[in-house]
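Engineer: sequence isn't available, so here's the structure alone:
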């Protein structure tokens, strides 16, 4: 299992809510970085459904978190 997957799972499975990462922090994790690649596609070659329509969820989030979650090519 990739180390990034183990790290993300361990952050999501923290017993204490104060130690667990938020959903948006999980979305910004490096394990999911491939989803932010402008050339990313499904194994069958089809394009992903829109993944970054998160305006409501990102309202009030720090600009740094928004930048980590939403790929630059989508922000343009």
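Structural biologist: Perfect, I can see it now. Since this is a predicted model, take the numbers as computed values, not measurements.
Engineer: could I get the full set of helices for this protein?
Structural biologist: For the chain, the helices defined by DSSP state H occupy 3-12, 23-27, 55-58, 63-69, 72-75.
Engineer: so what touches the third one?
Structural biologist: Helix 55-58 is touched from outside by 23-24, 65-66, 69-70, with contacts defined as CB atoms under 8 Å, 6 or more residues apart in numbering. Every residue, glycine included, has its C-beta placed from N, CA and C.
Engineer: could you rerun that using 7 Å?
Structural biologist: Residues from elsewhere that reach helix 55-58 (CB atoms under 7 Å, 6 or more residues apart in numbering): 24, 66, 69.
Engineer: could you give the number of residues near the first one?
Structural biologist: Applying other CB atoms under 10 Å, we find 16 residues neighbouring residue 24.
Engineer: correct me if wrong: it contacts residue 64.
Structural biologist: No: the criterion here is CB atoms under 7 Å, and residue 24 misses it with residue 64 at 11.2 Å.
Engineer: can you pull the contacts of the residue most central in space within the chain?
Structural biologist: The centroid of the chain falls nearest to residue 27 when counting by CA atoms, centre = their mean (2.0 Å). Taking CB under 7 Å, 6+ apart, we find residue 27 in contact with residue 69.
Engineer: how much space between it and residue 69?
Structural biologist: Going from residue 27 to residue 69 by CB to CB, to the nearest Å gives 5 Å.
Engineer: low-scoring pLDDT stretches of this structure, where are they?
Structural biologist: For the chain, no stretch has pLDDT under 70.
Engineer: what about residue 70, neighbour count?
Structural biologist: Neighbour tally, residue 70, other CB under 10 Å: 20.
Engineer: for the closest residue in space to it that isn't next to it in sequence, grab the count of nearby residues.
Structural biologist: Leaving aside its chain neighbours, residue 70 sits nearest to residue 52 (5.2 Å; criterion: CB to CB, 6 or more residues apart in numbering). Residues near residue 52, counting by other CB under 10 Å, number 16.
Engineer: so what's residue 52 up against?
Structural biologist: Shown in contact with residue 52 (CB under 7 Å, 6+ apart): 70-71, 74.
Engineer: over to residue 44?
Structural biologist: Contacts of residue 44 (CB under 7 Å, 6+ apart): none.
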